[in-house]
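Q: need a structure here:
(one chain, ligands or ions: 2)
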Amino acid sequence: MRCLAIMNQKGGVGKTTTTINLSHALAEQGYKVVVIDLDPQSHLGLGMGFNATAKEGLDTIFFNAAALDDVVLPVEDRLGLNKLSLVVAGERLGEVEAGLKGGAERGWLVKNAISESEQCQKSDFVLMDCPPSAGLLGMNALFAADELLIPVSSDFLSLHGASRMVGIIDYIDESMKQKSKKWFVITRYHGRRKLSQEVKEKLMEYFKSEVLATPVRESVALAESPSYGQSIFDYQPKSNGAEDYRQLAEDLLYERVM
Ligand SMILES: Nc1ncnc2c1ncn2[C@@H]1O[C@H](COP(=O)(O)OP(=O)(O)OP(=O)(O)O)[C@@H](O)[C@H]1O
Ligand SMILES: [Mg+2]
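A: Ligands and ions are numbered 1, 2, ... in the order given. Got it, this is the predicted structure:
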């Protein structure tokens, strides 16, 4: 099982869009995938068609010491493959950052929950959608993940965000005496825009062998699909967005970089 955190403390770079569509792409290719929402905004559940705040989710792990398997929801897909499941954030997840009693072990709750979950252990991928912050939830994701997927949208501030993110990861790695495997994915890419080209070139310069081969193009359908609670494969399976996320899934499977 590969456990990935989709992470960037910068907001709006495409973390949730990537989690939704990459998980569907992997499931369509036959892989069993569990997605977990670590963001109290609950956008992952909403984008996947669930009334996320009405359901129990990851919050119960923190507050009721519940098991992940008790809150895993099956996700229907257009092909009826039944390969995908979801853990929503739950309405109390926001309280986690606000201050939970306890010691250092609270940073390990998600990792432990995943290790003890039969559904997660039996799947090929666990993908965690992270909040745009580096608090306790982000820390849980960093400790739980074997690999980090960092979306970088094609604008100037995003590059700055990416290097900050790497600074945080390096700091944690150093103190934990570990080395996280990182992947960058370029999002909201405009092939003909100079700025997009520049962001791509800079990323390749700084993080050579870690930039996944397929930039995800800017696409109206990708922006529209969450409002229907659908992935791009259900909403517009022949669109550029669907093609890009299919390719990106293969990049991840075969470790294809630019
Ligand atoms: N390739 C794309 N083309 C067009 N719009 C996109 C694309 N990727 C993401 N978006 C849009 O950009 C916005 C931010 O995307 P998303 O919610 O995935 O980012 P995020 O990093 O999860 O944000 P947050 O930090 O708030 O969790 C959304 O409105 C989304 O629909
Ligand atoms: Mg998000």
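
Q: and residue 38, how many residues sit next to it?
A: Burial of residue 38 is recorded as 27 neighbouring residues (other CB atoms under 10 Å). Yep, even glycine has a C-beta here, placed from its N, CA and C like the rest.

Q: actually residue 105, not the one I wrote
A: Residues near residue 105, counting by other CB under 10 Å: 8.

Q: quick one: it and ligand 1, what's the gap?
A: To ligand 1, residue 105 is 26 Å away according to CB to the nearest ligand atom, to the nearest Å.

Q: same thing with residue 254?
A: In terms of CB to the nearest ligand atom, residue 254 sits 22 Å off from ligand 1.

Q: Over to residue 124?
A: From residue 124 to ligand 1 the distance is 23 Å (CB to the nearest ligand atom).

Q: Kindly report the same for residue 96.
A: 16 Å.

Q: My impression was that that residue belongs to a strand - is that right?
A: No. Applying DSSP: H, G, I helix; E, B strand; the rest coil, one finds residue 96 to be helix, outside a strand.

Q: ok, it touching residue 59?
A: Yes. Assessed by CB atoms under 8 Å, residue 96 is found in contact with residue 59 at 7.3 Å.

Q: measure stretch 77-86 end to end?
A: 12 Å (CA to CA, to the nearest Å).

Q: whoops, I mixed them up, stretch 213-230
A: Note: stretch 213-230 ends 25 Å apart using CA to CA.

Q: Grab the nearest non-local neighbour of whichever residue of the stretch 51-200 of the chain sits closest to ligand 2.
A: For the stretch 51-200 of the chain, the nearest residue to ligand 2 under the criterion CB to the ion is residue 129, separated by 5.9 Å. Once flanking residues are discounted, residue 129 sits nearest to residue 19: 4.0 Å by CB to CB, 6 or more residues apart in numbering.

Q: can I assume that neighbour sits in a strand?
A: No. Judged by three-state DSSP, residue 19 forms no part of a strand; its state is helix.

Q: Could you tell me how far it is located from ligand 1?
A: 8 Å.

Q: contacting residues for that residue?
A: 6, 35, 44, 127-129 (CB atoms under 8 Å, 6 or more residues apart in numbering).

Q: switch to 10 Å and redo it
A: 4-6, 35-39, 43-44, 47-48, 86, 127-130, 149, 151 (CB atoms under 10 Å, 6 or more residues apart in numbering).

Q: Return only those of the residues you listed found close to ligand 1.
A: 39, 43 (CB under 6 Å from any ligand atom).

Q: Among the contacts of residue 19, which ones are in helices?
A: Among these, the members found in helices (DSSP state H) are 43-44, 47.

Q: Most neighbours among the residues you listed, which one is it?
A: Going by other CB under 10 Å, residue 44 tops the ones in helices among the contacts of residue 19 with 30 neighbours.

Q: tell me the contacts of that one?
A: Per CB under 10 Å, 6+ apart, neighbours of residue 44: 6, 15-17, 19-20, 23, 35-38, 50, 52, 57, 86-89, 127-129, 226.

Q: repeat that with 6 Å
A: 16, 19, 37, 129 (CB atoms under 6 Å, 6 or more residues apart in numbering).

Q: next one: residue 92
A: Per CB under 6 Å, 6+ apart, neighbours of residue 92: 59, 63.

Q: That one: what secondary structure?
A: Quick answer, by three-state DSSP: residue 92 is coil.

Q: just use 35 as the starting number from now, easier for me
A: Sure thing, new numbering starts at 35, so read that last one as residue 126.

Q: pLDDT score for it?
A: Note on residue 126: pLDDT of 91.

Q: What of residue 192?
A: 86.

Q: Can you verify my assumption that it contacts residue 198?
A: No. Residue 192 is beyond contact range of residue 198, at 10.5 Å (criterion: CB atoms under 6 Å).

Q: Sounds good, over and out.
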